[in-house]
Structures are given as structure tokens and as C-alpha cells.
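>>> Predicted model, plus sequence, below.
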Amino acid sequence: MKSWRSGARGLGLVLLLAVSGCAGAEAAPPPVSPSPARAAAPAKGPSDEARLVCTGRTAEHISGALGVAARSPLQPSWSEDVYACDYAYPDGSTMRLSVKDLADAGATTAYFEAKRAVAGPVTVLEGMGEGAFERADGSVVVRKDNTVLVVDVSALAATLGTPPRPRANVARTVATTVLICWVEY
């Protein structure tokens, strides 16, 4: 396994987001479109942390960090304790952000380790959340508290943003942005 550590660029992003604030005033998170099976069962709904990945405020921070904005409003969904939305970009490519809410630390660790076991070769990302790895396609999976964040960049073009960044760099930047937003929230 390889290891990756953020450099000065990552520090600059952290400082920028810390100053600008992710948890600033915003209307309630977007409504959830529950799956039919979930709608029939008593639902607790997604955690505030999960909902945060699909808010306009977080989308603004992601677009600021990448230098390109998603072209359409986010349409979140909630199914099997996973809150998700797709960020669609002008070039037609998409990035999916999803957060799995879990009951406790043990369940979170087991889910995270299961994701890693089926991911194939991974690169461990040190210093991100309570554990993180990058899949071969550049997507990033991060464990934090009782959640697992997946930044799936497999449907993105080879590069995105201004300046153009490889998919793996996009995923790391987005995961870092979300983690900062969670801390501020």
C-alpha cells in the first residue's frame, strides 16, 4: 500500500474553508427522496452530517475548491441508511457523494473495513478522518465518527476543475472539504 500526505495546497484549502465557514447560515438541508421500502418503515432519517454533503453551502465550498460548479441542483436520496447526491458538471461527467450512517463505532469500523476489502488495491490516506483510502479509480472512502463518506469520482472525466486536476486529486479535495464542513458544523 502507498501512503499520501497533503502538502501546502491542502493546507491552503483548509485555511480558506476555515475562514469562510461551511456551517454558515443556510436554509434547511434539501428534502430527501426516500426509497419506497424506506418510506414504509419508520425512518429516523439521515444524520445532520450526512445531509450536509448535499447542501448548497457545501456545494459552494466544493466548487470554490475545484474551480468549477456543478451544473444542476443537487437531488439527494436516502436509502438503506445512505444519503447521497450527484454533482453533475458542465462536461457531462458526475461525482457521487454518499454518507452511510451507522449505529456505533464497531458497526462503522466493520462497514469501512468491508468497503476496503472489496476495493481491490488501495492507497491509504493518512491524516484524513479516522481512516481513509483511495481506490484504483481515484475515489476516496473516509471513516469519521459513525459515518462513512464515499467520494465516487469513477464517472468524472480524467481531469476536472480550474486548474485541471486528476480525478484522484478531485476526490481528495472534496473529501477534505466535507470533513472541514463537518468539523465546523
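Thanks, I have the structure now. Residues are numbered from 1 along each chain as shown.
>>> Could you use CA atoms for every contact and neighbour count after this?
Will do.
>>> Which stretches in this protein count as helices?
Counting by DSSP state H, one finds helices in the chain at the ranges 8-20, 36-40, 48-52, 56-66, 105-118, 167-184.
>>> So E126 sits against V141, correct?
No. Contact criterion Cα atoms under 8 Å: E126 and V141 do not qualify, at 12.0 Å.
>>> Show me which of the two is the more surrounded one.
The neighbour comparison of E126 against V141 (other Cα atoms under 10 Å) goes to V141, with 28 against 14.
>>> quick one, what contacts the more buried one?
Counting by Cα atoms under 8 Å, 6 or more residues apart in numbering, V141 makes contact with F112, A132, F133, E134, R135, V148, L149, V150, V151.
>>> what's the answer for G120, then?
R135, A136.
>>> And it, how far from T159?
23 Å (Cα to Cα, to the nearest Å).
>>> Give me the common contacts of E126 and V141.
Contact criterion Cα under 8 Å, 6+ apart; residues shared by E126 and V141: A132.
>>> re the thing from before, and of the helices of the chain, who's closest to R96?
helix 167-184 (10.1 Å; Cα to Cα).
>>> Stretch 82-93 - what's its average pLDDT?
For stretch 82-93, mean pLDDT rounds to 95.
>>> what residues does that stretch touch?
Looking at stretch 82-93 with Cα under 8 Å, 6+ apart, the contacting residues turn out to be 46, 50-51, 53-54, 68-72, 74-78, 94-101, 155-157.
>>> how does it look with 6 Å?
Where contact means Cα atoms under 6 Å, 6 or more residues apart in numbering, the residues beyond stretch 82-93 that reach it are 50, 70-71, 75-77, 94-100, 155-157.
>>> Of these, which is the nearest to E184?
The nearest member of the contacts of stretch 82-93 to E184, counting by Cα to Cα, is A50 at 13.9 Å.
>>> looking at it, that closest one is touching V99, isn't it?
Yes. A50 lies in contact with V99 (Cα atoms under 6 Å); the separation is 5.3 Å.
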